[in-house]
Structure formats: C-alpha cells, structure tokens
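>>> for reference, the sequence and a predicted model appear below.
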Amino acid sequence: MPAEILVLALACVLLFVHVQVAIHKKTAQYGVDWNMGPRDEDTPPLNDVAARLERARDNFLETFPVAIVALFGVVLADKSGPVTEAAAWTWLGARAVYLPLYWSGVHKWRTVVFGISAIALLVLLGVLIFG
C-alpha cells in the first residue's frame, strides 16, 4: 500500500480523535442530556478548552478535503515517491501535534505547526499538478 494511502487512513483516525475529544469536552460542560437530546436550546458560550477543541476540529475539517485530493491524487496519477511520502508524513505529524498544542492553549508554536502542515500540502499539490 502506498504510504500516502496509509497516511490518509491514519488521518481518518485523527479526525475521529478530534471529533471525540471536542464532543467530550462540550458534553462535560453542557451535560449528557444535552448531548443525547435534540440540542435545540440556547447554550452559554463554551469554556476556553472546549472552544479551542472545536476550533481545532474545524481547522482540521477545513484542510482535510485538500489533503484527501492531494494524497489520493498523487497515488492515482502515479506520482508518489520519496518527496510525496515525506510530505504526507510531515502533514500528518504536524496535524497530530497541532491538536494538543491548540488544546493546551499554546499560541505561536501552534501557528508554526499549522504552517508546516500547509507547506506539506502545497508540496503534495505541487507534485500532483506540476509533476
């Protein structure tokens, strides 16, 4: 199996972690009845940690479609190789580090890590588009 496909599968696991961690903290604040109900009622603003986890999840969801296209694309176009493998692992590693950095409220370094993940995606897209 190409490394890019393995990275994509592991990214799906990371997405699951994002979703579960965010909803766990949100449920801790609003309660199990809220979680199991229709969630129609107005709720107070999330506490800082739960809000950061939602933003981290949303950020992952915003970039994940680009990663899917880039990672599948290089494999389907038969353009995968050492550069795309390194970019894929770099992207996944940066995204995995991003979650705890955002969770704990680390700024600056969180932005640097996001930038690394974005550059890795641009490398993948560059190979896909320009070969």
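All right, it came through fine.

>>> what's near enough to touch residue 113?
94, 97, 98, 101 (C-beta atoms under 8 Å, 6 or more residues apart in numbering). Every residue, glycine included, has its C-beta placed from N, CA and C.

>>> give me phi/psi at the residue located most distally from the centre of the chain?
Outermost residue of the chain with respect to the C-alpha centroid, by C-alpha atoms, centre = their mean, is residue 41; its distance is 28.8 Å. The phi/psi pair for residue 41 (degrees, to the nearest 10) reads phi -70, psi 150.

>>> narrow the contacts of residue 113 to those in strands?
Of the contacts of residue 113, none are assigned to strands by DSSP state E.

>>> looking at the protein, which helix or strand does the model trust least?
Ranked by mean pLDDT, DSSP states H and E, the helix or strand of the chain with the weakest confidence is helix 32-36, at a mean of 90.

>>> just checking, what packs against it?
helix 3-30 (3 or more C-beta pairs under 8 Å, 6 or more residues apart in numbering; DSSP states H and E).

>>> now do residue 73, the pLDDT please.
Listed pLDDT for residue 73 reads 98.

>>> tally up the residues packed near it, please.
Using other C-beta atoms under 10 Å, the number of residues around residue 73 comes to 18.
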